[in-house]
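[1] Coordinates only, no sequence provided:
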């Protein structure tokens, strides 16, 4: 009796250790084209091994860009999304591109996706730094010579220099302010 219980415990432990030792590999693509309103990890990367591709691939990363626009997602941002969804990032290896440019075809355009050849590729343009939704920012509201500071949470992904919606922590009000640094935003009241 004791011997069979030990064997069952050892087998259970071996399965548990194997499950914890298994590491998923997420190989990010440089450019993808999406349809629909949401982006999933499976659209952005090739995920191995097969048995982990479905649960990881189904993870919704965020909203797709508006039709005809593109959005840049970094590997760091994807790791944050995985952690917030409860995945252990120390068991997920990221390879491939450091960032993915996600494009959504313009409404009414053909949905065929052709890879860009080297001669057809547009000249690289500096991509703005994207501050992810949920980031806590130091908000400064200025009116003439008076400035007031507050904590705010970004309600949408926003590029540096862009205006974005955020919620002021103390008052719970939603305002629009300009992102001036990855952790700071400003509003100039008249």
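    Cool, the structure landed. Since we're looking at a predicted model, the values are computed, not measured. Numbering: from 1, shown residues only.

[2] going forward, measure contacts and count neighbours with C-alpha atoms only.
    OK.

[3] residues touching residue 86, list them.
    Residues counted as contacts of residue 86 (C-alpha atoms under 8 Å, 6 or more residues apart in numbering): none.

[4] domains in this protein, as residue ranges please.
    Per automatic domain parsing, the domain ranges recorded for the chain read 23-104, 130-188.

[5] could I get the ones you listed as JSON lines with mean pLDDT?
    As requested, the domains of the chain are exported to JSON lines (pLDDT from 0 to 100):
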{"stretch": "domain 23-104", "mean pLDDT": "89"}
{"stretch": "domain 130-188", "mean pLDDT": "88"}
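
[6] can you pull out the helices in the protein?
    2-21, 41-44, 50-57, 75-84 (DSSP state H).

[7] so what does the shortest one touch, helix or strand wise?
    Secondary-structure packing of helix 41-44 (3 or more C-alpha pairs under 8 Å, 6 or more residues apart in numbering; DSSP states H and E): strand 31-34, helix 50-57.

[8] deepest of those, which one?
    Scoring those by mean neighbour count under mean count of other C-alpha atoms under 10 Å gives strand 31-34 as the most buried, with a mean of 18.

[9] Show residues contacting it.
    43, 44, 64, 100, 101, 102, 103, 104, 105, 113.

[10] hmm, back to that, among the helices and strands packed on helix 41-44, which comes closest to residue 186?
    Nearest to residue 186, of all the helices and strands packed on helix 41-44, is strand 31-34, at 32.4 Å by C-alpha to C-alpha.

[11] Note down every partner strand of the closest one and its orientation.
    strand 99-104 (parallel) (DSSP bridges).

[12] how much does the partner strand deviate in direction from helix 75-84?
    Inter-element angle recorded for strand 99-104 and helix 75-84: 80 degrees (by axes from the mean of the first three to the mean of the last three C-alpha atoms, to 10 degrees).

[13] quick check, distance from strand 99-104 to the centre of its chain.
    11 Å (C-alpha atoms, centre = their mean, to the nearest Å).
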